[in-house]
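Peer 1: Provided below for reference: sequence and predicted model.
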Amino acid sequence: MMRIAFVLAATSMLAAPLQATRISEDDLRPHIETLASDDYEGREPGTEGEKRTIAYISAQWAKAGLVPAATDGSWFDPVALVRRGPDKAEVKFHARGERLRFADDEIVLVGKYTDYAAEKMPLWFAGYGVDGNGKVSPDVAGKVVFFLADRPAFGEEAMKSLTARRRALIAAGAEGVIAIGGEQTDYPLIRRLLLARPITSVARDVRAPLEGVVGAQFAVAMVTQSGGDWDALRKSANAADFGGKLLNVTGDFIVKSNVQMFDSPNVIGKIAGRKAGSGAVLYMGHWDHLGVCRPEGDADRICNGAVDNASGIAVMTEVARELAKGKHDRDIYFVATTAEEAGLYGAYAFAEKPAVPLDDIVVALNIDTIAIAPKGARVAIIGRGTTKLDKEIEGVARKAKRKIEGSEDANAFIRRQDGWALTQKGVPALMVGGSFADLKLLEAFLDGPYHGPEDELTAGTELGGAAEDANLHVALGKHFASTKKHKAEPEPKKTGG
């Protein structure tokens, strides 16, 4: 009787469907704990924290079953970056034969190169920098241009950002571009950004020979001491046809800057598919964060980036581990990008020099800031309506017993994540999951620990939704890597970016 019972039990076990291994919160937590630890110093590009980060990712991906897949056959594709910040500046402004007086802490200047010097430079007030048609006065060429940092009420949305207007002035030949802090973009904020020595991609480095920021009070004093009327000048800038005005002021500048050129890598691995030429699935997420982000003397100086984006790298690693257990028709690539926080620079570098031809990518799934939503969150799509894949993704999500957030509200973040660099090239790039389904919950994170020392892994860090999203991404990978389940159709290719 005992032998018969054993045989029947064994037969029953063999007949039962095998349960798929599921990614759990306990699988994700150790990766986040490591990457967001103080030992990794906030994972800033070009630091010791970077070295530890890329070594950890490549080792974990190798252990998961990936093979290196950068363009040279290694794990790492270098991205040329430049870190630039102010050092010392000697500035003299003259009007009506007299030197103007101002407080040194009300102006911060940085040069494109280590040393900048110029004398008797004419100063120009350009209002918001561009007029209502997005045009810049040709008179700015060769001058040091002051312009209002706040967003104008007129003009197209694309030309309202501070960056877009700054670049327009540089393209028009401005020798210097100096923003005037206002209500929306106050002087202390921009000053802190410059003093933090921001990182830029060398390939996308658009700089004037001289740049900087001054406080509103500095602008008032400069114009008033030179015999002008600041209130009238400021009011005239609100007109959409304002082209600018030459100030009765000249400037002498001796500016020394800290300029550091360095390479920082994207980490790239893959699972080789069985059917050559059938295309590829791509997972992407940024490994970098803000590093030591607070001044000396603060109790906690490190921005650890547990949610943003150690959680995304953790999910990518466990998704890779699960997918590597099976065989797939298409290649599956994993790309951990650098310098996302500085401006998506690692993603742009990959888009310009991809390890896999962009035309071969049937879907790119970016994974970022994923540890926010609890279990049971709806699935949102950042990029909804921009590809032909929404119904397929929703079908996979429903099979995983996930509910769908059908609105396009999450598209408000489409330009703020790495997938945007690929979207501009015509690649179907999306973000899928629960973190962007509840925008109130997301905003609570953005208004709270986001980009601060408080973004640390704690016992209360929400990993339930991240684990569910990790398993959803496994299912999505299996779906899109199958030539039977997903019939690839060409997406219209763009050349912008």
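Peer 2: Received the coordinates, thanks.
Peer 1: in the stretch 351-497 of the chain, which spans are strands?
Peer 2: 361-366, 380-382, 429-433 (DSSP state E, counting those that start in this stretch).
Peer 1: which helix or strand contains I170?
Peer 2: helix 162-171 (DSSP states H and E).
Peer 1: what's the neighbour count on G434?
Peer 2: The number of residues packed near G434 is 28, by other Cβ atoms under 10 Å. Every residue, glycine included, has its C-beta placed from N, CA and C.
Peer 1: tell me how far it lies from F334.
Peer 2: Note on G434: its distance to F334, by Cβ to Cβ, to the nearest Å, is 21 Å.
Peer 1: and G127, which of the three is it?
Peer 2: Classification of G127 using DSSP: H, G, I helix; E, B strand; the rest coil returns coil.
Peer 1: I figured it hits A240, correct?
Peer 2: No. Shown here, G127 and A240 do not form a contact pair, counting by Cβ atoms under 8 Å, at 9.8 Å.
Peer 1: in a markdown table: the strands of the stretch 351-497 of the chain, plus distance to Y187 and mean neighbour count.
Peer 2: A markdown table is the format used below for the strands of the stretch 351-497 of the chain (distance: least, Cβ to Cβ, whole Å; neighbours: other Cβ atoms under 10 Å):
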| stretch | distance to Y187 | mean neighbour count |
| --- | --- | --- |
| strand 361-366 | 34 | 26 |
| strand 380-382 | 33 | 26 |
| strand 429-433 | 34 | 28 |
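Peer 1: right, and those strands - which one's nearest N266?
Peer 2: Nearest to N266, of all the strands of the stretch 351-497 of the chain, is strand 361-366, at 13.3 Å by Cβ to Cβ.
Peer 1: mean confidence for the closest one?
Peer 2: In this model, strand 361-366 has a mean pLDDT of 98.
Peer 1: likewise stretch 133-150?
Peer 2: 96.
Peer 1: where do the helices of the stretch 151-300 of the chain begin and end?
Peer 2: Using DSSP state H, counting those that start in this stretch, the helices of the stretch 151-300 of the chain run over 162-171, 187-195, 216-225, 230-236.
Peer 1: among these, which comes closest to N248?
Peer 2: N248 lies closest to helix 216-225 among these, at 8.9 Å (Cβ to Cβ).
Peer 1: list the residues that contact the residue minimising distance to the centre of the chain.
Peer 2: The centroid of the chain falls nearest to E340 when counting by Cα atoms, centre = their mean (3.3 Å). By Cβ atoms under 8 Å, 6 or more residues apart in numbering, the contact set of E340 is H286, D288, N309, G346, A347, D368, Q417, D418.
Peer 1: can you count the residues close to the last one?
Peer 2: Here the number of neighbours of D418 (other Cβ under 10 Å) works out to 28.
Peer 1: against Y345, how distant is it?
Peer 2: Using Cβ to Cβ, D418 is found at 10 Å from Y345.
Peer 1: the third one now?
Peer 2: Relative to Y345, N309 is positioned 15 Å away (criterion: Cβ to Cβ).
Peer 1: okay, those two: which has more neighbours?
Peer 2: For N309 versus Y345, neighbours defined as other Cβ under 10 Å are more numerous around N309 (33 against 30).
Peer 1: over to the more buried one: give its phi and psi.
Peer 2: When read as degrees, to the nearest 10, the backbone of N309 gives phi -140, psi 40.
Peer 1: residue contacts, it?
Peer 2: N309 makes contacts with G285, H286, W287, H289, E340, I367, D368, T369, I370, as judged by Cβ under 8 Å, 6+ apart.
Peer 1: closest to A103 among the residues you listed?
Peer 2: Looking across those and measuring by Cβ to Cβ, the closest to A103 is H289, at 33.9 Å.
Peer 1: please say which of G127 and A240 ends up with more neighbours.
Peer 2: G127 (23 against 14).
Peer 1: can you tell me the closest non-neighbouring residue to the more buried one?
Peer 2: Nearest residue to G127, sequence neighbours excluded (Cβ to Cβ, 6 or more residues apart in numbering): A237, at 3.4 Å.
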